[in-house]
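J.: I'll drop the sequence and a predicted model, then ask my questions.
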Amino acid sequence: DAGVTQSPTHLIKTRGQQVTLRCSPKSGHDTVSWYQQALGQGPQFIFQYYEEEERQRGNFPDRFSGHQFPNYSSELNVNALLLGDSALYLCASSLALAGGSQETQYFGPGTRLLVL
Amino acid sequence: AQSVTQLGSHVSVSEGALVLLRCNYSSSVPPYLFWYVQYPNQGLQLLLKYTSAATLVKGINGFEAEFKKSETSFHLTKPSAHMSDAAEYFCAVRGSSNTGKLIFGQGTTLQVKP
């Protein structure tokens, strides 16, 4: 049973560029959440996708956008990269329950983004 | 609004000693609480979760946590530390919305000395 997978593992970009990160959820899961973890900090919620729509968004600018595909995989896009976007980007998958709540989130290994 | 405070950014114990990592939460609704562990250059692994059933929750690798409503605490313990326990530990509370968004503490680095 494959867990949550993310690609690429590492990425180096320069300021102003755009980046796309990818995530495949754990088998049987239909919801994907994205988190940003700056060095020495706890993860911060970016947004969550369910049924190919953004369900909730954290306190991140519109430069951060996402997409969910019919197979439940997801992409995180960041435009106009800033030095401060350097971080570990974590994807978590979960299963939507009856009534709209979510089961436990399981995390992937993350993509480490360095912006120069 | 929900929040989590982890007391102590660094904890150092000797191998075989008791591990105690502290977490206090703030929540306007009955909380769902989690402990995750992060090994160097890896993602987060779920250690255990509290979902309003038993107040003493047992997790993987010999860890357990006790939910104390009166103290708004969810401290993580392990009777005997092992060198392989050295890692970053995060306490998290689930947000009040249905999305299950997690709100994390700042993390505690556990060092285990031989």
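T.: Everything's here; your move.
J.: hang on, residue A:74 packs against residue A:32?
T.: Yes. Between residue A:74 and residue A:32 there is a contact at 4.0 Å, judged by C-beta atoms under 8 Å. All C-beta spots, glycine's among them, are computed from the backbone N, C-alpha and C.
J.: for residue A:83, grab phi and psi.
T.: Dihedral angles of residue A:83 (phi, psi; degrees, to the nearest 10) stand at phi -60, psi -40.
J.: repeat for residue A:16
T.: Given degrees, to the nearest 10, the pair of backbone angles that residue A:16 has is phi 90, psi -20.
J.: chain neighbours aside, what residue packs nearest to it?
T.: Of all residues not flanking residue A:16 in the chain, residue A:80 sits nearest, at 5.9 Å (C-beta to C-beta, 6 or more residues apart in numbering or on different chains).
J.: overlap in contacts of residue A:74 and residue A:32?
T.: Taking C-beta atoms under 8 Å, 6 or more residues apart in numbering or on different chains as the criterion, residue A:74 and residue A:32 both touch A:23, A:25, A:49, A:68, A:91.
J.: returning to that earlier point: so the residue nearest to residue A:16 is in which element?
T.: Residue A:80 is part of no helix or strand when elements are defined by DSSP states H and E.
J.: who's in contact with stretch B:106-114?
T.: For stretch B:106-114, using C-beta under 8 Å, 6+ apart, the contacting residues are A:40-42, B:6, B:8-15, B:19, B:21-22, B:38, B:81-83, B:85-90.
J.: average pLDDT for it, rounded please.
T.: Averaged across stretch B:106-114, pLDDT comes to 96.
J.: so which of residue A:74 and residue A:32 has more stuff around it?
T.: A side-by-side neighbour count of residue A:74 and residue A:32, using other C-beta atoms under 10 Å in any protein chain shown, places residue A:32 first with 29 against 25.
J.: partner strands of the strand or helix carrying the more buried one, with direction?
T.: Remark: residue A:32 resides in strand A:31-37, with elements defined by DSSP H and E. Paired neighbours of strand A:31-37 in the sheet (DSSP bridges): strand A:44-50 (antiparallel), strand A:87-94 (antiparallel).
J.: could you export the ones you listed as a markdown table, including mean neighbour count?
T.: A markdown table is the format used below for the strands paired with strand A:31-37 (neighbours: other C-beta atoms under 10 Å in any protein chain shown):
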| stretch | mean neighbour count |
| --- | --- |
| strand A:44-50 | 22 |
| strand A:87-94 | 25 |
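J.: tell me which of those sits nearest to residue B:104.
T.: strand A:44-50 (7.6 Å; C-beta to C-beta).
J.: tell me which helix or strand comes right after the closest one.
T.: Sequence order places strand A:53-57 as the next helix or strand after strand A:44-50, per DSSP H and E.
J.: the next helix or strand after that following strand versus strand A:87-94: what angle between them?
T.: With elements assigned by DSSP H and E, the helix or strand that comes after strand A:53-57 is strand A:64-68. Calculated by axes from the mean of the first three to the mean of the last three C-alpha atoms, to 10 degrees, strand A:64-68 forms an angle of 30 degrees with strand A:87-94.
J.: tell me the angle of strand A:64-68 relative to strand A:53-57?
T.: 140 degrees.
J.: paired strands for the next helix or strand along the chain from strand A:64-68, with orientation please.
T.: If you walk from strand A:64-68 toward the C-terminus, the next helix or strand you reach (DSSP H and E) is strand A:74-78. When sheet partners are counted by DSSP bridges, strand A:74-78 sits next to strand A:19-24 (antiparallel), strand A:64-68 (antiparallel).
J.: make TSV out of those strands and add distance to residue A:86, mean neighbour count and mean pLDDT.
T.: TSV is the format used below for the strands paired with strand A:74-78 (distance: least, C-beta to C-beta, whole Å; neighbours: other C-beta atoms under 10 Å in any protein chain shown; pLDDT from 0 to 100):
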stretch	distance to residue A:86	mean neighbour count	mean pLDDT
strand A:19-24	11	20	98
strand A:64-68	14	19	97
